[in-house]
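J.: let's see this in three dimensions:
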Amino acid sequence: MRLDRTRVLKQVCFSVALPLLAANSMSVGAAQEGAQEAEVAPSLNWLAYRVRSDASVALNADAGWAAAENTMTALHYDSPFRLRVQVLASEVTADGHQISLQYRTNDDAWKPVGYAHFPYPSLASPLVSIIKTDAYQSGDETTRLLGEATQDWDDGLGLNAEVATPVWRETGNALGWEWPLVVRRFSDGPTFAEDGLSVDLRLVNGLGQPLGGVEPLQLTLSAEPGHLGGTFIETPGRIGPYQTENGSLYFFMEPTETDNRFMAMISTDYGNSWREVDGENRPDADDLEGVAAARHGDVIHLIHQQSEEVFYHAFDLSAGAAGQWLVNSESIAQPAEPPTQYADLIARQDGSLVALYAGDHKLFMQFRDVHGNWTEPGELDTDMAPDLSGPVMAVGDDGQVTLAYTALDGQGFVRHLRADNTLTDRQQISSDLGTRDIDNGAIAPLVIDPETGDSIIVYRESDGMLYERRLSHDGELSALAKISDMSVVTGAVDSEQVGADLIYHNGVLHLLFIEEASRDIYHTQSSEPGVWQQPMRVVDNIQGGWVRGSVHLNQAGEPVYGFVYDAGSKGGSGFNRYMALPLN
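T.: Numbers count the residues shown, from 1 in each chain. The predicted structure is shown next:
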């Protein structure tokens, strides 16, 4: 009868405590942080723990473990895991017992582990956090998986998006609890976590006092090969990877969705591992929408458009051993806020720049001379309908620029900007790009064939399919050619752009795209205008949202199509990864 009464009381306490946890999580955390050197929690003993690296297994499955019970565990950044613990209370007060988690890195001060969903948190992206899982419901009962079989046992609970356990009053019987967690490569600050980082986890009571028994759990963290983490820049043009003479690769992105600053990422081992470079000099301006980049020599020029301002930045790939930021957030224009922020940028052979970005109705073009002086912006097509968006550009060896853009009524246009900065008449490439906001970025990055001078325009129409047209150097527009019968995603997770990327190598066009239904990444190629091979899947089992790449060399000196893709961030962070396809 005593056991039955305790069970009833425990269940009542659970039902009362659960609704209060979210509201009380801040005060609990504050109490924990103020008790760094607290005495050991009385009457509570931590008997065992074990970590699951497979966070998708059922709550009570004896599977998915990363290491043996009560042993140090190696995990990967940005990979959700689960922690199962077994706790015993020898006595109970009128207030009952409640436990939560604290963490520390490299023997620093202990901090509370709070809740921040992964990959898309609401407010912040901390280094370590409790997250939500789809593997079980919060409050599902646990069965015995840990500890000594001779120890008396009662059910605990699986905790889902909950910082602390409910209050309980069970004594003499061990209880099992389980949390889903993650350790991020990039957290707000921004902060970068090195490979080999040591993270300790311990249990504390409601007063922040650590539980006695087993020693704190030690995790060692590293990144999987090709893993960048962080988040992609919204509405991007080409932003790398860029390769230097020594083989290093550079790529530009943001650390987290909740701390959207510029970061220059470097890989010195051909894409296997990545880290930020010159983080102490990140550009000040954030809100990275409408970002575009252009390379001239060893300088990467960048612009990005906020709601009512356009900024210019520059990064030197050759500076020192790892490159450095050269220009910090130079304001070049203050246009009225566009419906969606879009921009592109090209560098001519002499180092002058051409920028094209969105306005409230039309597009603005702006020039920077070789001395660093910007002209006043000029509005495009002011005397013609309709409103415009989605600009993309490419430049040939003779300085002639091809610019293509979308219209809010579903049309698409293309034209040349000659080397003397005069514009040819615009020509319609499509009347059916779609009229939704996410259709504004229907055109993939442009490519110019260096042998023929043709500009290759790949775009998505409202049926979801990709099409190709070519504009000759002299302004002749080819007929429409369908690339495949596979529907391609657009506007995925804030990208506001078609999920496709186009490059040229040795007479062959290579196209990557994200298939709409599966969100897998496919590759196709073309060595003859309008004729494309059957697409082949190259990345699967992801929720792809975005892809950008370039031609560069691998460790053996062979050309590859190296690309960074979003493997399922859902608009959050932690899913940027690098992959390379051979081009020989």
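J.: let me see the contact set for residue 255.
T.: With contact set as Cβ atoms under 8 Å, 6 or more residues apart in numbering, residue 255 has these partners: 125, 186-192, 230-231, 261, 263, 276, 573. From N, CA and C alone the C-beta is placed, and that goes for glycine too.
J.: ok, residue 173 touching residue 88?
T.: Yes - counting by Cβ atoms under 8 Å, residue 88 is a contact partner of residue 173 at 7.5 Å.
J.: which one of those two has more residues nearby?
T.: Neighbour count, other Cβ atoms under 10 Å: between residue 173 and residue 88, residue 88 has more, with 22 against 15.
J.: how many residues are close by residue 520?
T.: Neighbour number of residue 520 under other Cβ under 10 Å is 16.
J.: how much space between the residue nearest to residue 206 when sequence neighbours are not counted and residue 59?
T.: Using Cβ to Cβ, 6 or more residues apart in numbering and skipping residues adjacent in sequence, the residue nearest residue 206 is residue 98, 4.4 Å away. The gap separating residue 98 from residue 59 is 20 Å, by Cβ to Cβ, to the nearest Å.
J.: circling back: in strands, which of the contacts of residue 255 fall?
T.: Under the assignment DSSP state E, those contribute 186-187, 191-192, 263, 276 to strands.
J.: export the residues you listed to JSON lines and tack on distance to residue 331, neighbour count and pLDDT?
T.: As requested, the ones in strands among the contacts of residue 255 are exported to JSON lines (distance: Cβ to Cβ, whole Å; neighbours: other Cβ atoms under 10 Å; pLDDT from 0 to 100):
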{"residue": "186", "distance to residue 331": "27", "neighbour count": "28", "pLDDT": "96"}
{"residue": "187", "distance to residue 331": "29", "neighbour count": "24", "pLDDT": "96"}
{"residue": "191", "distance to residue 331": "28", "neighbour count": "17", "pLDDT": "92"}
{"residue": "192", "distance to residue 331": "28", "neighbour count": "19", "pLDDT": "93"}
{"residue": "263", "distance to residue 331": "21", "neighbour count": "25", "pLDDT": "92"}
{"residue": "276", "distance to residue 331": "25", "neighbour count": "20", "pLDDT": "93"}
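J.: closest one of these to residue 390?
T.: Closest approach between the ones in strands among the contacts of residue 255 and residue 390, by Cβ to Cβ: residue 263, at 25.3 Å.
J.: do a quick rundown of the strands in the stretch 51-200 of the chain.
T.: 73-76, 81-89, 99-105, 111-112, 128-130, 174-183, 186-187, 191-192, 197-205 (DSSP state E, counting those that start in this stretch).
J.: quick check: which ranges of the chain have low pLDDT?
T.: 1-38, 236 (pLDDT under 70).
J.: contacting residues for residue 544?
T.: Residues in contact with residue 544 (Cβ under 8 Å, 6+ apart) are 489, 492, 499, 514, 519-521, 565-568.
J.: report the two of those residues separated the most.
T.: Largest pairwise distance in these, by Cβ to Cβ, is 13.6 Å, between 489 and 567.
J.: the helices in the protein, which residues?
T.: Assigned by DSSP state H, the helices in the chain fall at 2-33.
J.: number of residues surrounding residue 507?
T.: The local packing of residue 507 (other Cβ under 10 Å) involves 12 other residues.
J.: close enough to count as contact, it and residue 527?
T.: Yes - the pair residue 507 and residue 527 qualifies as a contact (Cβ under 8 Å) at a distance of 6.0 Å.
J.: geometrically speaking, which residue is the centre of the protein?
T.: With distances taken as Cα atoms, centre = their mean, residue 231 lies nearest the centre of the chain, 2.4 Å away.
J.: list the contacts for the nearest residue to that residue once chain neighbours are set aside?
T.: Once flanking residues are discounted, residue 231 sits nearest to residue 573: 3.8 Å by Cβ to Cβ, 6+ apart. Contact analysis of residue 573 by Cβ under 8 Å, 6+ apart lists 78, 119-120, 125, 184, 186, 229-231, 254-257.
J.: how much space is there between residue 573 and residue 391?
T.: According to Cβ to Cβ, residue 573 stands 27 Å off from residue 391.
J.: how about residue 115?
T.: Noted for residue 115: a distance of 41 Å to residue 391, by Cβ to Cβ.
J.: which of the two has more neighbours?
T.: Per other Cβ under 10 Å, whichever of residue 115 and residue 391 has more neighbours is residue 391, with 27 against 21.
J.: so which of the strands of the stretch 51-200 of the chain comes closest to residue 164?
T.: strand 99-105 (3.9 Å).
J.: if we can go back for a sec, for the contacts of residue 573, which one is nearest residue 579?
T.: Using Cβ to Cβ, residue 229 comes nearest to residue 579 of these, at 14.9 Å.
J.: distance of that closest one relative to residue 362?
T.: In this view, residue 229 and residue 362 are 38 Å apart by Cβ to Cβ.
J.: next, count neighbours for residue 523.
T.: So residue 523, with other Cβ under 10 Å, has 18 neighbours.
J.: got it, and residue 75?
T.: Residue 75, neighbours per other Cβ under 10 Å, totals 20.
J.: try residue 326
T.: Using other Cβ under 10 Å, residue 326 is surrounded by 15 other residues.
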